[in-house]
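# what follows is a predicted structure for the sequence shown.
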Amino acid sequence: MTPAGRLQAAIDLLAAVEEQPRRPADAIATDFFRTRRYIGSGDRRAVSDLAWGAIRQKLRLDWHLARLGVRPAPRLVLAAHLLLAEGWTLQKLGGHFTGDRFAPAPLAAEEVALLRRLAGTPLVHPEMEEGTRLNLPDWALPGLRARFGDTLPAEAAGMEAAAPLDLRANLLRTSRESARLALAGEAIAALPTPLSPWGLRVAERKPVTGTAAFKEGLVEVQDEGSQIIALLTDARPGMRVADYCAGAAGKTLALAASMGNRGHIVACDVSAPRLEGAVRRLRRAGVNNAERHLLEPGDKWRKRRGRSFDRVLVDAPCTGSGTWRRNPDARLRTTATDLAELTAKQGVILEDASELVRPGGRLVYATCSLLPEEDEMQIERFLGRHQDFVKRPIPALWAELCPGVPCPVEADMLALSPARHGTDGFFAAVLERRP
């Protein structure tokens, strides 16, 4: 594809995202490229980078366009992004909006006039309100201020930076060092992650899923923060473990590896398609101690299995605010109403999952959220209702699980952030049922 052709494809992708405001942009992009198989892998990456760059800055771009009284249509949003964020000139823009085959139509006179007014304006304008200036939605600001205080600007910058590619070495098939060497043999350089003893961080963006190391189940794509959640679950060989919100079983795979395939894991979810999607991953990783269970209304499974699990992991559905650097569209499509609905749902899930924990067993509650409403506040409400559960402080547990590695937090509960820890934003609390 020509550079102008890539630009038009990015405009089309932005339009597709705008037409489905409640659907994740990565799912939309998957369908978009599936119907355009003539776009090769290199071009797909370039088109995605253009579109995702505009999505990442859309709160600010919309502010600039609204200030000029213009509706933020995809074509203008992308042009404004290239002008304000990527340093393009009006001349360079005009050289791509040519109307040639596959290229965007030429800029109209009014578009040129508008873009000329934008030229030279800083992307982050001093007249912006705090949320727009920090590239954060207004509904999330109170919680993020409570979490970060004076460090919020630095944390906000970390939340809009590009996310690294982290892998987890599958200890059922290899060691971390052997996995690193296998990747190096396929020209993919990776370094051990600083916190997770299982993790590898790929230095450059590479098509890891096409490697033999991935296809043979030596590595899985998993952010270091997510690996740490699995680590803190402390699932050991011979235990009975429930992964209560398993989804496509990313953490189930890590739990099975920490158990050495000995014991029993039940991967639960309310979505049959997500559980079906786990089958191939479990097979590729060589996991043979896990079964799947679909949670349905009226299901008696939880009652029959009450107080029988050594470990119960609740990776609760949440706003995903900790993953906004990876999923920038989520900050645009999530609302205050979503937050209220999710906190209510999290409380119910936590109650239900707690019924499975045996006396002396542990309940691990986790989210990929940075908002206290979904994290510490959820745990304090739960403990207020359940005197038979107590917190296991993270620093003491970390010392047992990762001797010699400094604990990333000092508080009783885990709170990771992109700026401070280099991971996605994750929260975890480890609760133990009194014997």
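Done, it's in.

# what is the neighbour count of the nearest residue to Ala25 once chain neighbours are set aside?
Once flanking residues are discounted, Ala25 sits nearest to Asp329: 3.8 Å by Cβ to Cβ, 6 or more residues apart in numbering. (Glycine included, C-beta is placed from N, CA and C.) By other Cβ atoms under 10 Å, 21 other residues sit near Asp329.

# next one: Pro126
Per other Cβ under 10 Å, the neighbour tally for Pro126 reads 6.

# distance of it relative to Gly260?
With the distance defined as Cβ to Cβ, to the nearest Å, Pro126 ends up 57 Å from Gly260.

# against His64, how distant is His125?
Using Cβ to Cβ, one gets 7 Å for the distance from His125 to His64.

# right, and the helix or strand after the top strand by length along the chain?
Secondary structure of the chain per DSSP state E: the longest strand is strand 357-367. Following strand 357-367 in sequence order, the next helix or strand is helix 376-385 (DSSP states H and E).

# okay, that following helix in CSV with CA atoms only?
Presented in CSV, the C-alpha positions along helix 376-385 are these (Å, rounded to 0.1, in the frame of the first residue of the first chain):
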residue,chain,number,x,y,z
GLU,A,376,-9.8,-1.4,48.2
MET,A,377,-13.3,-0.1,48.8
GLN,A,378,-14.7,-3.4,47.4
ILE,A,379,-12.5,-5.4,49.8
GLU,A,380,-13.3,-3.3,52.8
ARG,A,381,-17.1,-3.7,52.2
PHE,A,382,-16.6,-7.5,51.9
LEU,A,383,-14.6,-7.7,55.1
GLY,A,384,-17.2,-5.7,56.9
ARG,A,385,-19.7,-8.4,56.1
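
# which helices and strands does it pack with?
Where contact means 3 or more Cβ pairs under 8 Å, 6 or more residues apart in numbering; DSSP states H and E, helix 376-385 is packed against helix 336-354, strand 357-367, strand 389-391, strand 426-433.

# now with 7 Å?
helix 336-354 (3 or more Cβ pairs under 7 Å, 6 or more residues apart in numbering; DSSP states H and E).

# list the buried ones in the helix it packs on?
Asp338, Leu339, Leu342, Thr343, Gln346, Ile349, Leu350, Ala353, Ser354 (16 or more other Cβ atoms under 10 Å).

# give me the pLDDT for the second one.
At Leu339, the model reports a pLDDT of 97.

# that one against Thr319, yeah?
Yes - assessed by Cβ atoms under 7 Å, Leu339 is found in contact with Thr319 at 5.8 Å.

# make TSV out of the buried residues of helix 336-354 and add distance to Arg281.
TSV is the format used below for the buried residues of helix 336-354 (distance: Cβ to Cβ, whole Å):
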residue	distance to Arg281
Asp338	28
Leu339	30
Leu342	26
Thr343	30
Gln346	25
Ile349	23
Leu350	26
Ala353	22
Ser354	27
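
# distance of the spatially most central residue of the chain relative to Ala254?
Compute the mean C-alpha point of the chain, and by Cα atoms, centre = their mean the closest residue is Thr323, 3.6 Å away. As judged by Cβ to Cβ, Thr323 and Ala254 stand 17 Å apart.

# again with Ile229
Ile229 sits at a distance of 8 Å from Ala254 (criterion: Cβ to Cβ).

# ok, Arg101 next?
49 Å.

# and those two? Which one has more around it.
Taking neighbours as other Cβ under 10 Å, Arg101 and Ala254 compare with Ala254 leading, 28 against 9.
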